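S.K.: Quick one: sequence and predicted model below, then my questions.
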Amino acid sequence: MSSPEFSDGEAPAEKVTEVSGTGIPVRGNDIDTDQIIPARFMKVVTFDGLGQFSFFDQRFDDEDNEKDHPFNDGKYRGANVLVVNANFGCGSSREHAPQALMRWGIDAVVGESFAEIFAGNCLALGVPTVTADQDDIEALQDHVEANPDAEIDIDVAAETIIYDDAVIDATVHDAQRKALVEGVWDTTALMGANEGAVRETARSLPYVPAEHIPGDEA
Amino acid sequence: MSEGTLYDKVWDRHRVTQLPTGQDQLFVGLHLVHEVTSPQAFGMLKERGQEIAFPERTHATVDHIVPTGNRDRPYRDEAAESMMAELEANVRGSGIDFSDPDSGDQGIVHVIGPEQGLTQPGMTIVCGDSHTSTHGAFGALAFGIGTSQIRDVLATGCVAMEKQKVRKIEVTGELGEGVTAKDVILTIIGELGTDGGVGYVYEYAGEAIEDLGMEGRMSICNMSIEGGARAGYVNPDETTYEWLRWTDAFEDDSEGFERLKPYWESIRTDDDAEYDDVVTIDGSAIEPTVTWGTTPGQTAGITGPIPDPEDLPEEDRDTAWRAQKHMRVEPGDTMEGYDIDVAFLGSCTNARLKDLREAAAFVEGRKVDDDVRAMVVPGSQRVRDAAEAEGLDAVFKEAGFDWREPGCSMCLGMNDDQLEGDEASASSSNRNFVGRQGSKNGRTVLMSPIMVAAAAVTGEVTDVREMEEVATV
Ligand code: SF4
């Protein structure tokens, strides 16, 4: 998904209209970002190499032996669609969480609901967070467990998830959908274009002294 | 859609334009930076050859990885040293103010902003940290952002956001003896759930909130995010202004203070404001409250029973079963008497001077239980210095507490301060997630600072109301 010459997910905002591939289910509500990437792996100054630490404490015991976890299960190797339940990604705002998942190979996350900061962080990486009803999600998780090689097609624009014979009516948040489909999720570039208006806003605020607005000092 | 709330007004004042995504571009009045979430953002900026747009609206500190014991450089932990060095390199020569440990101003980012007067009413404040909601206590619109958004702010001075709904949470009545702001927010999250606030900003109001000092309001706003709300705020009032008046920002600038006050008043929620939702909570019914599980929403009053997962809404059952297994608690029991191994008094929720004072009052003349490892980690160097000037450090040390240097410490276990094995901790922090305090088998019980003090002394979760306050320090 991200082009190789840009690191940190900084592809110049390509359009993300659909994601296809095989699925990997991680069940449970309220899976927080401390579980997705424990804090001790955040003592780094780049995001490179975080992928291997995804869900680390769920995957390994104290002696570093593998535990039962989909991310350890060979049958999900190469999966790129993560299927989760409710309030996924709650807790800390660490972008290390979606970065780790993306670097593990996840291109889209499908679930019942997502914590807001997590969804926003995913968007900044061009990773859609797609929601659907609890029943549909659980059926999809069952399906993926039984058929790990089955293809799942997420259509971001049409807001559908298609697998086997099923078509799930999904939701991609309006702004997110627009950003992904139109390739305008590089907000730095978008906002950078409005420099004049930014200065005007800054000047209108009583608490921003002129000397804090570069170029306005004089 | 809400109308006439502080949120609406501050949003409008900072709205630059609408983006093609439908989001609004918001000007950021204050950008706070710490070492863990910023290096990648500075890196991206450099890669793109961009400059920092508003260095003087940016302020940095070091808190997450900083050791709370020996602070000689280089730090013993190489990874911590390299993160510190990276932050130093990023802020050096950039025009960004840095409250580093040599400045005497270092501390947890959400403690130092308010104490230096950087945090003011009617500002938009962001930081790559979910507990940025803390600053809402001053009537600012403050929320956590991810690293890509940090890059946005560094490069443009703005964030892209969608407007959210506003829920007023009115806490009526007077809080009982031994009941603190922490108990209020734990109760709110317990009632509304950890995802109840998704899509909302919380406005905390009502007599019980207005009666709180700034420290209590900060504890409450701090944990908004634990209830799913990215931001929470309290309308500014005389209590707010009194705090601000004596901060660095205004102590020598009463003119500036008077000049800004009308702005602060102008962004207060109107009397006839419209909300998307209103929730009322009876403050006088709140007990000292603790968590029994592994999310901040799994709470019980100290005399109340731990719920039977079967009695919970279906979507909460599974998480509750797992939590009770992890914590080794049984439905029907109370948390009172739950054995603890560690007492942690610290974090951006509860490590301000007032928190330490109140806890010290219960500790003075008593001893920490023989089986408990207890520590106090002040929220900032200024808090530490003020506490030491009052002799609080001596009170804690005398009782058997370890008195440490300021930082995040055992709130998230990124330095040496960690739970070991399956230790249980009584913690004044904000998250009891599995593994949060450094050990994946560790068990965390969240509570107020005075409840931590009580637990440290008895070695078990204790109803602080049953203990006498020994001294008023
Ligand atoms: S004290 Fe804890 S919650 Fe607060 S900023 Fe530090 S790690 Fe985050």
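M.R.: Now that the structure is in, tell me what you want to look at. Numbering: from 1, shown residues only, chains lettered A, B, ... in the order given.

S.K.: near chain A, anything from stretch B:153-163?
M.R.: Yes: against chain A, stretch B:153-163 shows contacts by C-beta under 8 Å from any C-beta of the partner chain at B:155-160, B:162. (C-beta placed from N, C-alpha, C; glycine too.)

S.K.: ok, and what's touching that stretch?
M.R.: A:175, A:187-188, A:190-192, A:194-195, A:198, A:202, B:11, B:16, B:19, B:21-28, B:31, B:41-42, B:45, B:48, B:50-54, B:57-58, B:124, B:126, B:145, B:149, B:152 (C-beta atoms under 8 Å, 6 or more residues apart in numbering or on different chains).

S.K.: Just the buried residues from the residues you listed, in PyMOL please.
M.R.: Here is the PyMOL command that picks out the buried ones among the contacts of stretch B:153-163, judged by 16 or more other C-beta atoms under 10 Å in any protein chain shown:
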select buried, (chain A and resi 175+187+188+190+191+192+194+198+202) or (chain B and resi 11+16+19+21+23+24+25+26+27+28+31+41+42+45+52+53+54+57+58+124+126+145+149+152)
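
S.K.: Return the subset of the contacts of stretch B:153-163 lying in helices.
M.R.: A:175, A:187-188, A:190-192, A:195, A:198, A:202, B:11, B:41-42, B:45, B:149, B:152 (DSSP state H).

S.K.: host element of B:D8?
M.R.: helix B:6-14 (DSSP states H and E).

S.K.: returning to what we had before: between the residues of stretch B:153-163 next to chain A, which is closest to B:G413?
M.R.: Each of the residues of stretch B:153-163 next to chain A was checked against B:G413 using C-beta to C-beta; the closest is B:V159, at 29.3 Å.

S.K.: now the helix or strand where the closest one lies: mean pLDDT?
M.R.: Here B:V159, judged by DSSP H and E, is contained in strand B:158-161. Strand B:158-161 shows an average pLDDT of 97 in the prediction.

S.K.: Just checking: what are the partner strands of it?
M.R.: Counting by DSSP bridges, the strands paired with strand B:158-161 are strand B:24-27 (antiparallel).

S.K.: can you list the residues that contact the partner strand?
M.R.: So strand B:24-27 is in contact with A:190-191, A:194, A:197-198, A:201-202, A:205, B:11, B:14-19, B:124, B:157-163, going by C-beta under 8 Å, 6+ apart.

S.K.: Give me the helices and strands touching the longest helix belonging to chain A, please.
M.R.: For chain A, the longest helix by residue count, based on DSSP H, is helix A:134-146. Packed against helix A:134-146 by the contact rule (3 or more C-beta pairs under 8 Å, 6 or more residues apart in numbering or on different chains; DSSP states H and E) you find strand A:18-25, strand A:81-83, strand A:108-111, strand A:160-163, strand A:166-169.

S.K.: Serialize those strands to CSV and add fields for mean pLDDT, distance to the ligand and mean neighbour count.
M.R.: Shown next, in CSV, are the helices and strands packed on helix A:134-146 (pLDDT from 0 to 100; distance: least, C-beta to the nearest ligand atom, whole Å; neighbours: other C-beta atoms under 10 Å in any protein chain shown):
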stretch, mean pLDDT, distance to the ligand, mean neighbour count
strand A:18-25, 98, 30, 20
strand A:81-83, 98, 26, 27
strand A:108-111, 98, 24, 26
strand A:160-163, 98, 35, 20
strand A:166-169, 96, 36, 14
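
S.K.: of all the ones you listed, which lies closest to chain B?
M.R.: strand A:108-111 (11.9 Å; C-beta to the nearest C-beta).
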